[in-house]
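*Asks:* quick one: sequence plus predicted model below, questions after.
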Amino acid sequence: MADPTAAAPLLGRAEAAASVLPPLLVAAERVAVTVAPGIHGRRRSGPGDQFWQYRRYQPGDSVTQIDWRQSARSDPLYVREREWSAAQTVLVWADRSASMDFRSAATLPLKHERAALLAVALAALLNRGGERLGLLMPGAPPPGMGHAALARLAEALERSPVGEGAHWPTLAENVPLSRHGSVVLFGDFLDPPDRLEPTLRALAGRGLRGHLLQVVDPAEESLPFRGRIRFTGAEGEGDLLIARTEDVRDAYVRRFQAQRAAVQSLARSLDWSFAVHHTDQPPQTALLALHARLAEVR
């Protein structure tokens with residue numbers, strides 16, 4: 001019978017190794033593990049991979065090239081051929097501005113916590129598929145591949161202070177050049193659209209495909225409070241005392257929805273995707289949908 005004490009040194013080393021991992025990375029890996037069985041990553045055989053692409057059948061094409069299964073889905077005939085694709089570079093950004101330092105209940109995560117978790121969990125999923133990962137922020141490590149790159153990304157994000165603003169004007173300056181690139185932005189996107197637009201257009205102008213995930217506390221959408229409440233602006237807007245909060249609820253909700261519609265319209269004009277995640281919902285749902293969206297535009 002094996003001596004149970006023999007495993008103690010190994011266990012000690014394992015626990016010591018685990019203790020140096022950024023807590024954010026540990027949490028993100030747990031989320032990624034629950035999502036991974038529901039996705040199909042790329043089968044890679046080197047620095048790039050080959051996969052099938054389809055185009056319509058043209059006179060002169062060999063009949064043996066026709067993919068009958070694909071063609072059965074619609075009227076035209078489709079020919080199957082191989083396409084070469086290099087590993088994609090995916091840059092993630094998580095809003096650390098003061099407005100993200102909010103939650104309406106102690107049972108909910110702070111918005112910046114959920115945004116960071118989603119950003120690193122998505123990076124962990126993409127890492128499993130062999131993609132190149134990068135963080136869109138000043139002083140971030142260069143994009144890389146593998147677990148070491150993922151750990152650097154998580155550590156840099158976790159060390160980034162909260163409350164210093166979204167740095168919209170300079171965000172596009174931190175983009176490394178890449179022929180195959182996507183950028184995924186996690187934030188509340190409550191800034192005026194005319195402040196967001198120059199940066200988003202600059203990112204799109206560098207050839208990046210983009211995805212916006214709005215991370216919001218459920219109370220931000222519905223303003224469920226009642227009675228006399230003093231609201232304090234998170235980013236220097238000052239205080240506002242409202243005698244009967246329920247009296248302004250409808251106007252507030254309309255204003256909030258108008259802001260969201262404006263950002264969504266901006267994303268659509270760039271051919272970018274836009275989605276919403278509520279902090280009272282599990283992160284896995286948003287992560288799975290976002291990963292699927294990234295796969296669609298590849």
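*Replies:* Looks like it arrived, so ask away. Numbering: from 1, shown residues only.

*Asks:* just the strands in the stretch 101-250 of the chain please.
*Replies:* Secondary structure of the stretch 101-250 of the chain (DSSP state E, counting those that start in this stretch): strands located at 132-135, 181-187, 209-216, 229-232, 239-242.

*Asks:* which strands or helices does the last one pack on?
*Replies:* The one in question is strand 239-242. For strand 239-242, the contact count by 3 or more CB pairs under 8 Å, 6 or more residues apart in numbering; DSSP states H and E identifies strand 229-232 as packing neighbours. Using the backbone N, CA and C atoms, a C-beta is placed for each residue, glycine as well.

*Asks:* can you mark which positions in the helix ranked longest in the chain are buried?
*Replies:* Longest helix of the chain, by residue count under DSSP state H: helix 249-269. Residues of helix 249-269 classed as buried: 256, 259-260, 262-264, 266-267 (neighbour count, 16 or more other CB atoms under 10 Å).

*Asks:* now the strands of the stretch 101-250 of the chain as CSV including mean neighbour count and distance to Ala154?
*Replies:* As requested, the strands of the stretch 101-250 of the chain are exported to CSV (neighbours: other CB atoms under 10 Å; distance: least, CB to CB, whole Å):
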stretch, mean neighbour count, distance to Ala154
strand 132-135, 25, 9
strand 181-187, 25, 14
strand 209-216, 23, 17
strand 229-232, 11, 31
strand 239-242, 11, 36
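
*Asks:* go through those and name the closest to Ala292.
*Replies:* Nearest of the strands of the stretch 101-250 of the chain to Ala292, taken as CB to CB: strand 209-216 at 10.9 Å.

*Asks:* give me the contacts around that closest one.
*Replies:* 95, 100, 111, 114-115, 118, 181-189, 200, 203-204, 260, 263, 267, 270-279, 286, 290, 293-294, 297 (CB atoms under 8 Å, 6 or more residues apart in numbering).

*Asks:* repeat that with 6 Å
*Replies:* The set of residues external to strand 209-216 that reach it, using CB atoms under 6 Å, 6 or more residues apart in numbering, is 111, 114-115, 182-186, 188-189, 267, 272-278, 297.

*Asks:* distance of Glu131 from Arg73?
*Replies:* According to CB to CB, to the nearest Å, Glu131 and Arg73 sit 28 Å apart.

*Asks:* when the two are compared, which one has more neighbours?
*Replies:* Glu131 (24 against 9; other CB atoms under 10 Å).

*Asks:* for Met145, see how far away that one is.
*Replies:* As defined by CB to CB, Glu131 lies at a distance of 7 Å from Met145.

*Asks:* still on that earlier bit, beyond the longest helix of the chain, next helix or strand please.
*Replies:* Downstream of helix 249-269, the next assigned helix or strand under DSSP states H and E is strand 273-278.

*Asks:* packing partners for that next one?
*Replies:* strand 209-216 (3 or more CB pairs under 6 Å, 6 or more residues apart in numbering; DSSP states H and E).

*Asks:* can we see that at 7 Å?
*Replies:* Contact partners of strand 273-278 among helices and strands, from 3 or more CB pairs under 7 Å, 6 or more residues apart in numbering; DSSP states H and E: strand 209-216, helix 249-269, helix 283-296.

*Asks:* how about that strand: buried residues?
*Replies:* If you call a residue buried by 16+ other CB under 10 Å, then strand 273-278 has these buried ones: 273-274, 277-278.

*Asks:* stretch 91-102 now?
*Replies:* Counting neighbours by 16+ other CB under 10 Å, one finds that the buried residues in stretch 91-102 are 91-100, 102.

*Asks:* next, the distance between the ends of it.
*Replies:* The first and final residues of stretch 91-102 sit 25 Å from each other (CA to CA, to the nearest Å).
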